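Participant: sequence and predicted model, in that order:
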Amino acid sequence: MQTASPKFKIVAGVLGVLTAAGVAAWIYQLMGGLGVTGMNNGTSWGLYITMFMLFVGLSAGGLIVASSASVFHITKFKAVALPAIILSTVCICAAGMFVLIDMGGIQRVWRIVTGPNPTSPLLWDMCVITVYLVLNILYLLFMTRYGVDSRKVEVVSRFALPAAILVHSVTAWIFGLQLAKEWYSAIMAPIFVASAMDSGLALLLVVLVALDAAGWFKFSRELMKSLAGLLATCIAIDAFFIGCEVLTMAYPGARGAEALSIMLGGATAPFFWFEIVGGLLVPFCVLVFAKNRANVKLVVASSVLVVLGVLCKRVWLLFTSFVVPNVYGAPGIASGSSAAAHATGVDMWAATSSYAPTWVELVVVAGVLALGALVFMLLARKMLVEGGGKKKAQVASAVRKEAASAAGAEASA
Amino acid sequence: MTKFGMAINLDRCMGCNTCAMACKMQNNVPMGMMWNRVIVEGCENEFDAQGTYPNLARTYLPIACQHCENPACQRVCPTGATYKDDKGRVQIDYDKCIGCRMCMAACPYNARVFNWNDPVRDPDFCYGDAGVPVRSKGVMEKCTMCKERTDRGDEPMCVRCCPAEARTFGDLDDPSSEVSRLIREKSAYVLLPEQGTRPQVRYFN
Amino acid sequence: MSTANSSRGGLTRRSFLKTAGAAAGAVGLAGAASMTSTSGWLAPAQAHAEPEERVAYTFHYRHCQCNCHLKCTVRDGRMVLIEPNDWPNKRNETVCLKGISEIQHTYSADRIQAPLKRVGERGKGEFVQITWDEALDTIADKVKETWEKDGPQAIAFQTAVDSLTTFLPKLLKGQEKPRRGIDIGLGNGFSPALAESGQQGASSNEVTDWKNAKTILNVGCNMLETCMVTSKYFFDAKDAGSEIITIDPNFCTTAAKSSRWIPIVAGTDPALYLGMVSVILEKGWYNESYLKVNTSMPFLVKRSDGSLLRRDIVSDAAQTGTENPFMVWDEGTESVVEYLANGVSPALEHEAVVDGEAYATVFSLLKENQRQYTVAWASELTGIAEETLVELADKYANHGPSILSFGFGGGEKFYNADVAGHAAVLLATLVGSFGTDVPGWGAGAYVNSYQKIFGAGKFASWPLPSECKTAKAAKGSVDCRDDKSGIKFLWAQNGAFQQVAGNQNRTDEWARSLDFIVVQDIWHTPTVDWADIVLPVCSHFECDEEIGFVRALRGHVLLQQRVLDPLFESKTDFWIEREMAKRLGYGDSMPASQEELTRFQLENSTDKAVAGITLDEVVASKGVVALRNQPEIARSYSGQTYKTKSGKIDVYYEDLVSYGQALPTWEAPHEAYAGNVLRERYPLHMTQRRSRYFVHQNFMDATWIRQHYDPAVEMNPIDLAARGLVSGDTVEVFNDRGSFKCECVATEAVCPGMAIIVEGVWPKFMVEGNLQNVTNDAVNPRGKALAKGRVIPFNDTLVEVKKA
């Protein structure tokens, strides 16, 4: 058993403190109600749901890479399957936490089990996230306990890949099936899958580089190049879908165009343009060149940009629809926020809706991120570093064996 | 079957907000929230009008839950807290509401209001009908078509109090009811028909 | 234990002083919280395990003219529901947002909770709490001192429409509402022609008659906001096919809901009417036979001095036409004859020379006078196109029955209001609007007569000793604030201070100069700050006995019953006057209880409409009993009966000859007229408007309502842009008289060049100052010759607006 390095302890300590702060802020929120957030009756979802969308997506990259390794026999990906699945598990847990934190009546959440409404996409999402989480855990178990059981891994991965696609689609349908909002679009699910792929892959790249730098895990430059190439492809797909959506919104010059004008020059414009330029254009232009894909700094920078870009996309996607109510007029919507409850004048109303997160939301989000990072560090340390000694060989031999058999299969084919 | 509905004569609506206040009182709606509101369509402030002086028009539009036949809110509710009751009204079972606000995003009419906080009341006691449940923080609420009153055979409070007699309440399933007659004869329309929600609250001029 | 006593438990001296202090708005909530806390006045109610509900009935404040009668549900001692009461006729079952907001407003943080004595400078609003005995004794001593030193006429009583005071002005023997100058502007000109009893221009028929009219000209009356329960009759008329044409400078709610809106330059109402009169005269669209038979139009006027020709020399100005007949030119005998002579066929247009003096009929003089008021002239002044004016006149004269409606805002509050009223009655007379009993014809202020003129019953008045009577206003005084008024002691009610005068700085100065000021109010209105002693009054929902006050308005006897016990230490208006009577030596002359008074008023009434209605019947009928023998739709002057001197519609005002207004003659507004050089500095015309949210200053503190309205000066976007302003900016509205600050808001509904604000806003809800700081209080010298004195030209005000 290795003892933790002082650096590890400091980082873990800081993350622990942040987590504690997040928990405290959440308790504060439970006591005061969601009114302590910046949400209101006009913009009824905020940072939590943004982060939920982001983290469902981030969790994808790992699982898709890992399971494609098995499903499509992309042998080289198998090397990173373990950290990828750890990352995926942590991210989906964080996503789940955000949904629960966002609930106003968490003490009644068991009602979903006792009286589920089968038509609710949120119910589907909860089911599919649970399945997804279970698959992740199984995956982890099969990869770590009693050595790598590649047959079971293969079975799980055959379920994991469609589950990953589904989890993003269902999350997309929470929004995409709402006729009342601009989200209503058949392409919402593909967009979610695409941005899950690119953001998830980007995060995985960053994490693998970091693990490599920390000396916890060997991440070959060759593999990085290859994953970065895949990332570039995903960015292109994502950009294509967004282009389709934006064109469809703009073309009739109707209601969609109004929403688009908010994205292009209104409240959500900074996020939209950051995503287009910073999240799609720049990383793609960098990663499209093979030379750049070999450059760690450029790959990391592009990956960070992609993750931030997708975060921005969640923001504009979510909030643009809330700005102008379908039935517009003065005084607007009773905003219902804490401030509105105590407003002495017409401030209780909002003709158009706006939102800014409060410190409570920021601290809670920081807490969840810290907890996620902490858990990832602990799991990674346990599985990659501690378990590494005895398992590395097994993994390596399993990979070799599989590679050999795959080669054999290809040869026989 | 009974299918309660309402027809609102927009020609007679003068934007006085009596319906909004009556609703607030009857249903113990706290400060900063409204189940029922009147908007001046397309205007930024309620004094304004559409057009340029002196070529002006102004439409007052009272909006509350439209009690849709195809309620988007009910569809998306994960726990079935929002449901269509036996008299055709859309209701919320507050005990089942987990505060996920799916319904709020789904409602095209912004008819729903959420208890972001513990309710703030002024005066600081529960007013309104004794039968109206008290809602705590974290649950969704909205117009119930004055369930407590209409169950007793009374008309909703907004209908009772409208000074201009712009509102008519009744059973849409009864073709001989006044509300059915008005909808039929005045070609009453629904708000946002493209949403496909088929509201049981109709408007006419 | 009485509730008043128990209320003391919830009110500490400290919390109260805070409430009364300058920061009342913020810390006042503490007071409201204390009153509803379990340890407070509600303590007894907590004993009940099950919520106890009961229903009680009362009427609401009536200054909006509506007289709603309300069914109130009380649970655990707290008022929880307010709905329309059941009336014999469902159409009367009304309430509006203001009535409903009483759920909160009754418990407002701005309620005055206990009697107060001023400690700081007058007007600063610094008080300490005192006992009722101390308050009443202090006042009584001061009353007696004033009686002795300056005489009873030195006491002025500003009665409020919404107080339930009955005896106090008489007990104090002072002047009541001296030189009021409000709501009388149009009536001053309109009413004399018909000898309309209220002299406020009350309409000749009920608003319920609108559905029988084809053409309705609604001039400057925003009735859908001011008197909302009349709205159903407005819309019924529209549904019945009446064309309602609202003529208003601004696109008010009523304009928006009318069949048609015609913008007019504010303050030019007389020109509109005079222009229409000219069209009607020129085209011959007047009702000739009607004018001959029912009006003073054929009367002969001496050209040299404008006097009407009478049979005998006029010895007494009050002589009636039967005593000393008016003379007309008989077309049959071609001679001057008495107007009521048998078989007379009076000439409408005639010139005659009698005893060497030239005479002409009123109608001839009218035609002459109208020559200057061409359609082009009227069009130029009013901003209404010539063809529109002709179209209006055509519709009004030829597509009747027609209604001419005005109100108590708009043109009413201008320097030239009486001219507008006079021209209006002339216009309505020309087309034969009055006394024909044909449904749908009429003219006047419909919101007023809705409740007050028609369907009003007369109660027996409780006899007071003969010396108890109010004093007349001082002769030379035209404004209660002038040095001739002789007022030393002022007793004001319900926010009167801010409401009854323009140019607030002058009012404040006057208030500082007075010996003593008592304010009797329910809420801490701006007036309260000027008091030496403040008396807290119950709301209409509170009473210390089961039976409260009674009214006979809107066609019904309406009873106030106890809904709640008095909140805090407040007392009923009746209790206060009884206590004052005791201290002034008239304790034995007063009824012992409100019930005794109410029973007396009802059961001794000689009015046939009230006859036989007993208190027990009223109580059994939930406080509402229909007056006897009320017509479905009431109309005045039935069978062409007028209480004028001649018994005819007298459009010729002989007493105004010296002012050049025997016939309506154009006079520009005092300040707000085109071409006024003052416009170089103050280019905006500021008028105040009524709002659906308030009854004058009442309800300003109602939090349910305040969530719908923030005080703002409403201006056209053009004018805001010209000043570099956008909606939401804080602006200063100013002129030489003073200034105030509030937000501005852009609206196309406001005529360019105008600045509009809702009247009655309490200064504490403004950013700074009182909106009356800028309003015009100029006195029209003609005012003293008018029935109700000079009008306060609140709306005749020029201002400039700049970023604050």
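Facilitator: Received the coordinates, thanks.

Participant: going by C-alpha atoms from here, please, whenever you check contacts or count neighbours.
Facilitator: Fine.

Participant: what about the nearest residue to C:Ser278 once chain neighbours are set aside, distance to chain A?
Facilitator: Closest residue in space to C:Ser278, ignoring its immediate chain neighbours: C:Gln370 at 5.9 Å, by C-alpha to C-alpha, 6 or more residues apart in numbering or on different chains. C:Gln370 sits at a distance of 47 Å from chain A (criterion: C-alpha to the nearest C-alpha, to the nearest Å).

Participant: then C:Gly189?
Facilitator: Taking C-alpha to the nearest C-alpha, one finds C:Gly189 at 40 Å from chain A.

Participant: contacts for the host helix or strand of that residue, please.
Facilitator: Using DSSP states H and E, C:Gly189 falls within helix C:185-194. Contacts with helix C:185-194, where a contact means C-alpha atoms under 8 Å, 6 or more residues apart in numbering or on different chains, come from C:197-202, C:411-414, C:417-425, C:444, C:642-644, C:648-653, C:786-791.

Participant: ok, of those, which come out buried?
Facilitator: Among the contacts of helix C:185-194, those buried by neighbour count (16 or more other C-alpha atoms under 10 Å in any protein chain shown) are C:199-202, C:411-414, C:417-425, C:444, C:642-644, C:648-653, C:786-791.

Participant: helices of chain B, start to end?
Facilitator: B:18-26, B:72-76, B:102-106, B:147-151, B:157-161, B:178-185 (DSSP state H).

Participant: compare those and give me the one nearest B:Gly5.
Facilitator: With C-alpha to C-alpha as the criterion, B:Gly5 lies closest to helix B:178-185 of the helices of chain B, at 7.4 Å.

Participant: what sits closest to C:Arg512 if chain neighbours are left out?
Facilitator: C:Arg122 (6.6 Å).

Participant: ok, how many other residues are close to that neighbour?
Facilitator: 18 (other C-alpha atoms under 10 Å in any protein chain shown).

Participant: wait, it sits on C:Ile533?
Facilitator: No - applying C-alpha atoms under 8 Å as the test, C:Arg122 and C:Ile533 come out as separate, 10.7 Å apart.

Participant: for the spatially most central residue of chain B, phi and psi?
Facilitator: Geometric centre of chain B, nearest residue: B:Ala64, 2.3 Å, by C-alpha atoms, centre = their mean. Reported as degrees, to the nearest 10, the phi and psi values for B:Ala64 are phi -140, psi -170.

Participant: roughly how far apart are it and chain A?
Facilitator: Distance from B:Ala64 to chain A, counting by C-alpha to the nearest C-alpha: 11 Å.

Participant: quick one: contacts for that residue?
Facilitator: Contact analysis of B:Ala64 by C-alpha under 8 Å, 6+ apart lists B:35-37, B:109, B:111, B:142-143.

Participant: gap between the residue in chain C positioned nearest to chain A and chain B?
Facilitator: For chain C, the nearest residue to chain A under the criterion C-alpha to the nearest C-alpha is C:Gln707, separated by 4.4 Å. Distance check for C:Gln707 against chain B: by C-alpha to the nearest C-alpha, it reads 8 Å.

Participant: what kind of secondary structure is the closest residue to C:Asp655 other than its chain neighbours in?
Facilitator: For C:Asp655, ignoring the flanking residues on the chain, the nearest one in space by C-alpha to C-alpha, 6+ apart is C:Ala662 at 7.1 Å. When classified by DSSP: H, G, I helix; E, B strand; the rest coil, C:Ala662 comes out as coil.

Participant: quick one, what contacts C:Ala662?
Facilitator: For C:Ala662, the contact set (C-alpha under 8 Å, 6+ apart) comprises C:306, C:652-656.

Participant: would you tell me which residues of chain B are close to chain C?
Facilitator: B:11-12, B:14, B:16-19, B:21-22, B:25-26, B:31-32, B:45, B:47-54, B:56-58, B:122-129, B:160-165 (C-alpha under 8 Å from any C-alpha of the partner chain).
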